[in-house]
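In: next one to model:
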Amino acid sequence: MSESNSNAACTADQNGAVPGEPVKTDKNSRRGNWGNQIEFILTSVGYAVGLGNVWRFPYLCYRNGGGAFMFPYFIMLVFCGIPLFFLELSFGQFASQGCLGVWRISPMFKGVGYGMMVVSTYIGIYYNVVICIAFYYFFSSMTNLLPWTYCNNPWNTPTCNGVVTPRGINNTLANVTRSLVTGAAEVAVEVVNKTKRTSPSEEYWKHYVLQISDDIGNFGEVRLPILGCLAVSWVVVFLCLIRGVKSSGKVVYFTATFPYVVLTILFIRGITLEGAVTGIKYYLTPQWHKILDAKVWGDAASQIFYSLGCAWGGLITMASYNKFHNNCYRDSIIISITNCATSVYAGFVIFSILGFMAHHLNVDVSEVADHGPGLAFVAYPEALTLLPISPLWSLLFFFMLILLGLGTQFCLLETLVTAIVDEIGTDWIVRNKTVVTGGVAIVGFLLGVPLTTQAGIYWLLLMDNYAASFSLVIISCIMCICIMYVYGHKKYFKDVEMMLGFPPPIFFRVCWRFVSPIIISFILIFTVIQYKPITYNDYVYPGWSLAIGFLMAMSSVICIPIYALYKIAKSEGTTFLERLKNSCKPDMKWGPALSEHRIGLYATPGSEGEVEVRPLKEELREKEKEDEKRDEISLTIQGSNGSTEHNTTPSA
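Out: Alright, predicted model coming up:
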C-alpha cells in the first residue's frame with residue numbers, strides 16, 4: 001500500500017468512516033469551530049465561574065445554615081442545574097446556531113432568543129464596569145503601601161478607624177490629633193465612640209474611588225479614572241474576541257485556569273493565619289433547622305440557576321461552535337460540577353481571611369462577612385492590609401477578579417455578536433465578524449459611561465438586581481415548555497440521539513419534562529414572595545428608580561409575546577388557529593447545519609439522506625444502465641475484426 005493510501009485509510013479511521021468511502025468532515029468552515037474540545041470546556045467554565053462564585057455563594061452559604069446549605073444546593077444542582085445546562089448545550093450544538101437561529105425549532109418563540117439578547121446586553125454593560133473597578137484597584141495596588149491602609153488621607157472622615165496602627169501611633173489618637181487641627185476634637189472623639197466604625201477601605205471605596213453622590217438621580221461628574229479603566233477592559237475583551245472563538249479559545253487557557261492558581265495561593269496563605277479556622281467554622285457549621293426554611297431552598301435554587309448562566313444565551317452560543325457529534329452530555333456534567341466546586345472552594349478562601357480579620361478586630365465573623373461589591377472592594381481589601389507584603393496579595397486578588405469577570409464577559413459579547421451574524425447571515429458579515437465585534441464593544445462602552453458617574457454604583461446595583469432576575473426564570477421556563485411540549489419531547493430526544501449516538505438518559509428526560517420546569521416555577525414564585533425593594537447600605541431607592549428596574553426586567557420578557565403576535569400575523573392561514581399552528585411548526589431550515597448530518601427527517605433533495613427514501617428508483621436506474629452497456633458491448637463484438645474480442649468478458 002502506498003503512503004498516500006495509508007494516510008487516507010488512517011484519516012478515514014480517525015473520522016469513523018469506512019475505508020474506501022469519502023471521508024466526512026465534521027467542521028463548519030463557514031461559521032468556525034473550537035480548535036479542540038478543551039477550548040470549549042475552558043470557555044464554558046470561564047463563563048459559568050464568575051464573580052458570583054466568589055462574592056455571593058460564600059455569603060449565601062454562611063447566611064443559610066452553613067454546611068446545611070450544601071444539601072439543598074447540590075439537590076438543586078442535580079435536578080435543575082445540570083439538566084438545564086445539558087438542554088441548552090444540546091440545543092445550540094444540534095442547530096449550530098446562536099440564541100436567535102436555534103428558534104427555527106418553533107419560529108413563534110423566537111422572542112425568547114431576543115429576550116436572551118436583551119438580558120446579555122444588560123449584564124454585559126454593568127459586568128464590564130465591575131471588571132473596570134477591579135482594574136482600578138489592581139493598578140492602585142502597585143505601590144509599597146495600599147492607599148486604603150490608614151486613616152490619614154484627605155478623603156478620610158473623623159469616624160474612620162483603621163485596623164492597622166500607623167507607625168506605632170494609636171489610631172484613635174491620630175484621629176483626635178487630626179480633628180484638633182479643625183478645632184473640633186471633643187466632638188470628633190464622641191462621634192468616633194458612638195458611631196459605627198468606618199474602615200479606611202470603605203472610605204477609600206466611597207469617597208475616593210466612587211466619590212459617591214447622595215442620590216441615584218444626582219449623577220454628578222464622570223469619574224475619569226474609572227472611565228479610563230472601562231475603556232481598557234473593553235479593549236481587552238475586544239482583542240481577545242477579535243477572531244471569534246479562534247482567538248478567545250486560546251485566551252481561555254490562561255483566563256479560565258489562572259484564577260484557580262490565585263485561589264490556591266490565597267487559600268494556603270489564609271489557612272496559616274490566626275483565626276482562619278474560626279472563619280471556616282462559621283462558613284461550614286451546619287444549622288440543620290434551617291433546612292426546613294423555604295427561603296434556604298429558594299436561595300439554593302436561585303444560586304444554581306444564576307451562577308450556571310442559564311437563559312443568558314451564552315451556553316447556546318458556545319455550544320453552537322462545537323462539532324456536531326461532540327459529547328455535550330459529558331461536558332455539561334463536567335462544567336456544572338466544576339462551577340459548584342469552585343464556589344465551595346472560594347468560600348474557604350474568603351472565610352479564612354475574614355476569620356483572621358474578625359480575630360484581629362476581636363469581633364464576630366458576621367460583622368465582617370459581606371457579599372457583592374461590599375466583599376470585593378471593602379471587606380476583603382481591608383483584610384489584605386493586615387497581611388505582610390499586602391500589595392502582593394492585593395494584586396493577586398484583584399487580578400483573579402479581573403480574570404473571573406473576563407471569562408464571563410467573553411461569552412456575553414460573543415452571544416450578541418453571534419446572534420447578529422447568524423441572523424443577517426450574508427457572506428460579507430460572516431467575513432467581517434470582527435467589525436461587528438468592534439461595533440458591539442463600542443456601543444457597550446458608551447452605554448456603560450453613565451455607570452462611571454458619581455451615581456454609577458446605584459445604577460449598577462439596580463441593573464444587577466432587576467435586569468437579570470425573574471426575567472431569566474421566565475425565559476428558561478418558556479424554553480423548556482417550547483422544546484418539550486410545542487416541538488415535542490419525542491422528536492427532541494431523537495434529535496439528541498442522532499447527534500450523540502445515544503438517547504438522553506431517562507433521568508434527564510424526566511427532568512426536562514417535569515422536574516426542572518417545576519423547580520423553575522418554584523424559583524419564580526420564591527422570587528416574587530421574597531421580593532424586597534433594593535437598598536444600598538442605608539440608602540433607600542426612590543420609587544421612580546424601582547419602576548425603571550421593573551421596566552428593565554420586563555423589557556426582556558415582553559419580547560416573547562410581541563414577537564409571537566408578529567409571527568402569528570405573518571403566518572399562512574385563514575383563521576387564527578391555522579396561523580398559530582403554522583407559526584409553531586419547525587422552519588424548513590431547522591436541523592443540523594451541515595448537509596452531511598441532515599439524514600432521515602432532515603434529508604434535503606440531492607443529499608445522501610435522499611437515497612434511503614427511494615432505493616427502488618435508484619435500483620431500476622442502475623439496471624437500465626447495465627442493460628444498455630451490455631447491448632453496446634455485444635454490438636461492438638459483432639462488428640469488429642477480432643481486435644475487440646477481449647471485451648467479451650466485461651470487467652467488474
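
In: now the strands: where do they sit in the chain?
Out: In the chain, the strands defined using DSSP state E lie at 535-536, 539-540.

In: tell me which of these approaches Trp234 most closely.
Out: strand 535-536 (25.3 Å; Cβ to Cβ). Bear in mind the C-beta positions are built from the backbone N, C-alpha and C, glycine included.

In: ok, back up a step: redo the strands of the chain as JSON lines? Include mean pLDDT and mean neighbour count.
Out: Shown next, in JSON lines, are the strands of the chain (pLDDT from 0 to 100; neighbours: other Cβ atoms under 10 Å):
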{"stretch": "strand 535-536", "mean pLDDT": "90", "mean neighbour count": "14"}
{"stretch": "strand 539-540", "mean pLDDT": "92", "mean neighbour count": "13"}
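
In: and those strands: which comes nearest Pro503?
Out: Across these, closest to Pro503 is strand 535-536 (Cβ to Cβ), at 49.1 Å.

In: mind putting the strands of the chain into JSON lines with distance to Leu100?
Out: Converted to JSON lines, these look like this (distance: least, Cβ to Cβ, whole Å):
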{"stretch": "strand 535-536", "distance to Leu100": "35"}
{"stretch": "strand 539-540", "distance to Leu100": "39"}
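
In: where in the stretch 151-300 of the chain is pLDDT low?
Out: Along the stretch 151-300 of the chain, the parts satisfying pLDDT under 70 run over 165-197.

In: where along it do the helices fall?
Out: Assigned helices in the stretch 151-300 of the chain, in chain order: 171-182, 185-194, 200-203, 224-240, 245-255, 258-271, 276-284, 294-307 (criterion: DSSP state H, counting those that start in this stretch).

In: out of the ones you listed, the one nearest Tyr329 is which?
Out: Proximity to Tyr329, assessed across the helices of the stretch 151-300 of the chain by Cβ to Cβ, is greatest for helix 294-307 (18.6 Å).

In: what residues does that closest one touch?
Out: Contacts to helix 294-307, defined as Cβ atoms under 8 Å, 6 or more residues apart in numbering, come from residues 48, 50, 52-53, 56-57, 60, 63-65, 68-69, 72-73, 75-77, 80-81, 84, 290, 339-340, 343, 468, 472-473, 476, 519-520, 522-523, 526-527, 530.

In: re the thing from before, now tabulate the helices of the stretch 151-300 of the chain in CSV and tack on distance to Arg104 and mean neighbour count.
Out: As requested, the helices of the stretch 151-300 of the chain are exported to CSV (distance: least, Cβ to Cβ, whole Å; neighbours: other Cβ atoms under 10 Å):
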stretch, distance to Arg104, mean neighbour count
helix 171-182, 65, 15
helix 185-194, 65, 14
helix 200-203, 52, 22
helix 224-240, 29, 19
helix 245-255, 21, 19
helix 258-271, 37, 18
helix 276-284, 47, 20
helix 294-307, 26, 22
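
In: so which of these is nearest Phe351?
Out: Ranking the helices of the stretch 151-300 of the chain by proximity to Phe351 (Cβ to Cβ) places helix 276-284 first, at 3.9 Å.

In: got the CA positions of the closest one in PDB?
Out: Output of helix 276-284 as PDB, limited to C-alpha atoms (Å, rounded to 0.1, in the frame of the first residue of the first chain):
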ATOM      1  CA  ALA A 276      -8.800  31.300  60.000                       C
ATOM      2  CA  VAL A 277     -10.300  28.100  61.500                       C
ATOM      3  CA  THR A 278     -12.900  30.200  63.200                       C
ATOM      4  CA  GLY A 279     -13.900  31.800  59.900                       C
ATOM      5  CA  ILE A 280     -14.100  28.400  58.200                       C
ATOM      6  CA  LYS A 281     -16.300  27.100  61.000                       C
ATOM      7  CA  TYR A 282     -18.700  30.000  60.600                       C
ATOM      8  CA  TYR A 283     -18.800  29.200  56.900                       C
ATOM      9  CA  LEU A 284     -19.400  25.400  57.200                       C
END
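
In: which strands and helices sit next to that helix?
Out: helix 57-63, helix 258-271, helix 328-361 (3 or more Cβ pairs under 8 Å, 6 or more residues apart in numbering; DSSP states H and E).

In: can you say which of the contacts of helix 294-307 are buried?
Out: 48, 50, 52-53, 56-57, 60, 63-65, 68-69, 72-73, 75-77, 80-81, 84, 290, 339-340, 343, 468, 472-473, 476, 519-520, 522-523, 526-527 (16 or more other Cβ atoms under 10 Å).

In: about what we covered before: to Lys567, which of the helices of the stretch 151-300 of the chain lies closest?
Out: Counting by Cβ to Cβ, Lys567 lies closest to helix 294-307 out of the helices of the stretch 151-300 of the chain; the figure is 27.8 Å.

In: report the angle between the closest one and helix 328-361.
Out: Counting by axes from the mean of the first three to the mean of the last three Cα atoms, to 10 degrees, helix 294-307 points 120 degrees away from the direction of helix 328-361.

In: using PDB, write out every CA atom in helix 294-307.
Out: The C-alpha coordinates for helix 294-307 follow below in PDB (Å, rounded to 0.1, in the frame of the first residue of the first chain):
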ATOM      1  CA  ALA A 294     -38.300  27.600  52.200                       C
ATOM      2  CA  LYS A 295     -36.000  30.600  51.800                       C
ATOM      3  CA  VAL A 296     -32.900  28.400  52.100                       C
ATOM      4  CA  TRP A 297     -34.200  26.200  49.200                       C
ATOM      5  CA  GLY A 298     -35.100  29.200  47.200                       C
ATOM      6  CA  ASP A 299     -31.600  30.700  47.600                       C
ATOM      7  CA  ALA A 300     -30.100  27.400  46.700                       C
ATOM      8  CA  ALA A 301     -32.100  27.100  43.500                       C
ATOM      9  CA  SER A 302     -31.600  30.700  42.600                       C
ATOM     10  CA  GLN A 303     -27.800  30.500  43.100                       C
ATOM     11  CA  ILE A 304     -27.500  27.300  41.000                       C
ATOM     12  CA  PHE A 305     -29.700  28.800  38.200                       C
ATOM     13  CA  TYR A 306     -27.900  32.200  38.100                       C
ATOM     14  CA  SER A 307     -24.400  31.000  38.600                       C
END
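
In: residues near Ala369, how many?
Out: Ala369 has 23 neighbouring residues, counting by other Cβ atoms under 10 Å.

In: make that Phe94, sorry
Out: 26.

In: just to revisit the earlier point, and the helices of the stretch 151-300 of the chain as CSV, adding distance to Val449?
Out: Listed next are the helices of the stretch 151-300 of the chain as CSV, based on distance: least, Cβ to Cβ, whole Å:
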stretch, distance to Val449
helix 171-182, 36
helix 185-194, 37
helix 200-203, 25
helix 224-240, 7
helix 245-255, 25
helix 258-271, 28
helix 276-284, 38
helix 294-307, 26
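
In: closest to Gly444 out of these?
Out: The closest of those to Gly444 is helix 224-240. By Cβ to Cβ, the value is 6.4 Å.

In: what angle do that closest one and helix 245-255 make?
Out: Using the same axes, to 10 degrees: helix 224-240 against helix 245-255 is 120 degrees.

In: using PDB, list the CA coordinates for helix 224-240.
Out: C-alpha atoms of helix 224-240 as PDB (Å, rounded to 0.1, in the frame of the first residue of the first chain):
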ATOM      1  CA  LEU A 224     -12.300  59.800  34.700                       C
ATOM      2  CA  PRO A 225     -10.000  57.200  36.200                       C
ATOM      3  CA  ILE A 226     -12.900  54.700  36.200                       C
ATOM      4  CA  LEU A 227     -13.800  55.700  32.600                       C
ATOM      5  CA  GLY A 228     -10.300  55.100  31.500                       C
ATOM      6  CA  CYS A 229     -10.300  51.600  33.200                       C
ATOM      7  CA  LEU A 230     -13.600  50.900  31.500                       C
ATOM      8  CA  ALA A 231     -12.000  51.700  28.100                       C
ATOM      9  CA  VAL A 232      -9.100  49.300  29.000                       C
ATOM     10  CA  SER A 233     -11.500  46.500  29.900                       C
ATOM     11  CA  TRP A 234     -13.500  46.800  26.700                       C
ATOM     12  CA  VAL A 235     -10.300  46.900  24.600                       C
ATOM     13  CA  VAL A 236      -9.100  43.800  26.300                       C
ATOM     14  CA  VAL A 237     -12.400  42.000  25.700                       C
ATOM     15  CA  PHE A 238     -12.400  43.100  22.000                       C
ATOM     16  CA  LEU A 239      -8.800  42.000  21.400                       C
ATOM     17  CA  CYS A 240      -9.500  38.600  22.900                       C
END
